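Participant: A structural model of the following input is requested.
(2 chains)
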Amino acid sequence: MKQTRVAYAGGIYHATEAEEGLKLQDGRIVAEEEVVWLPPVQPRTVFALGLNYSDHASELSFNAPEEPLVFLKGPNTFVGHRSVTRRPSDVTNMHYECELAVVIGSQARKVKREDAYEYVAGYTVANDYAFRDYLENYYRPNLRVKNRDNCTPIGPWLVSADQISDPMNLSLKTYVNGEITQEGSTKDMIFGIPELIEYLSSFMTLSPGDVILTGTPKGTVDTKVGDEVITEIEGVGRLKNTIVGDEASHL
Amino acid sequence: MGKAIAKFHGTLQTEEVEVNLADNMILLNQKRVPAKTLYWEPPVSGTIYGTLLNFKGAIEKMGGALTEPPYKAAPKAPVLYIKPANTVSGHESPIPIPAGETFLEMGASLGVVIGRRATRVTESEALDYVMGYTVVNDVSIPHESVFRPAVKYKARDGFCPIGPWVILGDEVENPDALSIRVYINNELKQDNTTANLVRSVSKLIADVSEFMTLDEGDILLVGVPENAPLAKNGDRVRIEISNVGMLENVIVHEEELMSGGDGQ
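Facilitator: The predicted model follows:
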């Protein structure tokens, strides 16, 4: 099953995938362009992984970490499919990061890796933009780089776990203005989904609706105002975002 | 008496109360009751953002390390972290000490409770966005390095007691001149003041809201003073912030709490 949250005609609805368009909770079928896509889950605690693909770690001149490099993101940073993200005018390097997002389905505490998938509700796609100009070496990557408003598109769909037979073998692709710029596979994660759930739940309780963004492979390049960025994960979805400028007036 | 917002066990809504900080008596529904006879829940439910290295003493303590690898330069923008939902607890809730740990750091912090959505606000208008102030114990497992995010050390269940109440902003004349005292088993272990902040409360709100929105109900911790005291199993910890309140919690081995009870 694929589900999401949308705004339509002034209301907020849950919606599922229809043969054409989306089916709202009340049965109406509406077109993809008629709705405002919201993040498919309302973010509570969201974890993100840094340097979780060895090719991306070496791209950034880092050794692969010995334990997961985890940071947290606030609710302000999430936007849905077909959203826009602002590029601050003083930034010289703003890059996308195509990431498989794992949504937790039941409370998880001290879970063993062999049981970890029982705690997964489903998967979605995230684009974890980074603004490298703002990197500082304290709690790196710091929130000014990773937690700006509307800078983490997520969606379009929450795809239930039963639809994805092997989440550790999915291709990831990013297209900028239709050209492929990033390509990888979830099989190249350093810490896979079972290990991440085991790690996090070993020291804290995970709850339904918590999300883990599992990191990005190599191929992150600077994007400019006007660029259309599509992050795509095989079987999970194709998430579109457009970069806009920092000016106040959008009339 | 100061006006405050509180949340009590067994109700979904928050309550307006009056607090007498001199004797810890509470005026609730026209009745005066001692604070210790009530069951306090965390008074707010927004996102909690902590601020690293916002005390002058904490910066001084870093010394030459600030300019050496891996840090290489002193911090420029506010360095923030998140205390996620699983960490939040209330006044008199036990603080779980994980198996294998002997000490926990008691991170006494003034919590600034946001009253309305703040995006790109200026320093001069920043306090208009504050609903009030509360006391927060930003608990950590002691760790040296602040190069990488400290989720494993700071995001454990029950590692962020908050409360007992939120004193409304009007009751606090100057949030940059509040004493912060930490007592462990009634012995004074730390004595500092928000006069020592690197960024004042209003400057911090302005600089944070420049790059991210603070929403109504969010709490911005102004920072933990240097040399946070350590507490061990069984210790009773009290954080007092002048004009705001006093937050008390006891450290308890996590195994004793695993059944889900809150120890009350």
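Participant: stretch B:70-90 near chain A at all?
Facilitator: Yes. Counting by Cβ under 8 Å from any Cβ of the partner chain, chain A has neighbours in stretch B:70-90: B:70-73, B:75-82, B:84-87. In this view, the C-beta of every residue, glycine as well, is placed from N, C-alpha and C.
Participant: same thing with stretch B:151-159?
Facilitator: Yes. Using Cβ under 8 Å from any Cβ, stretch B:151-159 reaches chain A at B:151-152, B:155-157.
Participant: near chain A, which residues of the stretch 151-264 of chain B?
Facilitator: B:151-152, B:155-157, B:211-213, B:215.
Participant: among those residues, which lie within helices?
Facilitator: Those of these mapping onto helices are B:151-152, per DSSP state H.
Participant: ok, of the residues of stretch B:70-90 next to chain A, which come out buried?
Facilitator: Among the residues of stretch B:70-90 next to chain A, those buried by neighbour count (16 or more other Cβ atoms under 10 Å in any protein chain shown) are B:71, B:75, B:77-82, B:84-87.
Participant: which ones among the residues of stretch B:70-90 next to chain A map onto strands?
Facilitator: B:79-82 (DSSP state E).
Participant: quick one: the residues you listed as TSV, columns for distance to B:L188 and pLDDT too.
Facilitator: As requested, those are exported to TSV (distance: Cβ to Cβ, whole Å; pLDDT from 0 to 100):
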residue	distance to B:L188	pLDDT
B:V79	29	97
B:L80	29	98
B:Y81	28	98
B:I82	30	98
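Participant: got the residues you listed as JSON lines, with distance to B:Y129 columns?
Facilitator: Shown next, in JSON lines, are these (distance: Cβ to Cβ, whole Å):
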{"residue": "B:V79", "distance to B:Y129": "21"}
{"residue": "B:L80", "distance to B:Y129": "17"}
{"residue": "B:Y81", "distance to B:Y129": "21"}
{"residue": "B:I82", "distance to B:Y129": "19"}
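Participant: what ranges do the helices span in the stretch 151-251 of chain A?
Facilitator: For the stretch 151-251 of chain A, the helices defined by DSSP state H, counting those that start in this stretch cover A:193-203.
Participant: average pLDDT for stretch A:48-65, rounded please.
Facilitator: Mean per-residue pLDDT for stretch A:48-65: 82.
Participant: run the chain-centre distance for that stretch.
Facilitator: Averaging C-alpha positions (Cα atoms, centre = their mean, to the nearest Å) puts stretch A:48-65 17 Å from its chain's average.
Participant: extract the C-alpha trace of that stretch and format it as PDB.
Facilitator: Coordinates of each C-alpha in stretch A:48-65 appear next as PDB, following Å, rounded to 0.1, in the frame of the first residue of the first chain:
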ATOM      1  CA  ALA A  48      19.800  11.100   9.700                       C
ATOM      2  CA  LEU A  49      23.000   9.400   8.900                       C
ATOM      3  CA  GLY A  50      26.200  11.000   7.800                       C
ATOM      4  CA  LEU A  51      28.900   9.200   5.800                       C
ATOM      5  CA  ASN A  52      26.900   6.000   5.600                       C
ATOM      6  CA  TYR A  53      28.100   5.100   2.100                       C
ATOM      7  CA  SER A  54      31.900   4.500   1.800                       C
ATOM      8  CA  ASP A  55      32.000   6.100  -1.700                       C
ATOM      9  CA  HIS A  56      30.400   9.300  -0.400                       C
ATOM     10  CA  ALA A  57      32.700   9.300   2.700                       C
ATOM     11  CA  SER A  58      35.800   9.100   0.500                       C
ATOM     12  CA  GLU A  59      34.300  11.800  -1.800                       C
ATOM     13  CA  LEU A  60      34.300  14.000   1.200                       C
ATOM     14  CA  SER A  61      37.800  12.900   2.300                       C
ATOM     15  CA  PHE A  62      36.600  11.100   5.400                       C
ATOM     16  CA  ASN A  63      37.300   7.500   6.500                       C
ATOM     17  CA  ALA A  64      34.200   5.300   7.000                       C
ATOM     18  CA  PRO A  65      33.000   5.800  10.500                       C
END
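Participant: re the thing from before, list just the nearest of the ones in strands among the residues of stretch B:70-90 next to chain A to A:T152.
Facilitator: Minimum distance to A:T152 across those is 13.6 Å, recorded for B:I82 (Cβ to Cβ).
Participant: state the distance from the closest one to B:F159.
Facilitator: B:I82 is 12 Å from B:F159, where distance means Cβ to Cβ, to the nearest Å.
Participant: quick check: neighbours shared by the two?
Facilitator: Here B:I82 and B:F159 have no joint contacts, going by Cβ atoms under 8 Å, 6 or more residues apart in numbering or on different chains.
Participant: circling back to that earlier point, so which pair among the residues of the stretch 151-264 of chain B next to chain A is furthest apart in space?
Facilitator: Maximum distance among these (Cβ to Cβ): 29.2 Å, for B:D157 and B:F211.
Participant: neighbour count for those two, which is higher?
Facilitator: B:F211 (22 against 19; other Cβ atoms under 10 Å in any protein chain shown).
Participant: returning to what we had before: from the buried ones among the residues of stretch B:70-90 next to chain A, which two are the most distant?
Facilitator: Largest separation among those by Cβ to Cβ: B:Y71 and B:A85, giving 30.0 Å.
Participant: which residues in the stretch 151-251 of chain A form strands?
Facilitator: Assigned strands in the stretch 151-251 of chain A, in chain order: A:152-160, A:171-176, A:179-185, A:211-213, A:228-233, A:237-244 (criterion: DSSP state E, counting those that start in this stretch).
Participant: partners of the fourth one, with directions?
Facilitator: Applying DSSP bridges, strand A:211-213 is found paired with strand A:46-50 (parallel), strand A:98-104 (antiparallel).
Participant: again, but for the second one
Facilitator: Its sheet considered, strand A:171-176 pairs with strand A:179-185 (antiparallel), strand A:228-233 (antiparallel) by DSSP bridges.
Participant: need the ones you listed in a markdown table with distance to B:G132, can you?
Facilitator: Formatted as a markdown table, the strands paired with strand A:171-176 follow (distance: least, Cβ to Cβ, whole Å):
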| stretch | distance to B:G132 |
| --- | --- |
| strand A:179-185 | 46 |
| strand A:228-233 | 41 |
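Participant: still on that earlier bit, now tabulate the residues of the stretch 151-264 of chain B next to chain A in CSV and tack on pLDDT.
Facilitator: Below are those laid out as CSV (pLDDT from 0 to 100):
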residue, pLDDT
B:V151, 97
B:K152, 97
B:A155, 98
B:R156, 97
B:D157, 96
B:F211, 96
B:M212, 97
B:T213, 98
B:D215, 98
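Participant: any quick PyMOL command for the buried ones out of the residues of the stretch 151-264 of chain B next to chain A?
Facilitator: Selection of the buried residues among those in PyMOL, burial being defined by 16+ other Cβ under 10 Å:
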select buried, chain B and resi 151+152+155+156+157+211+212+213+215
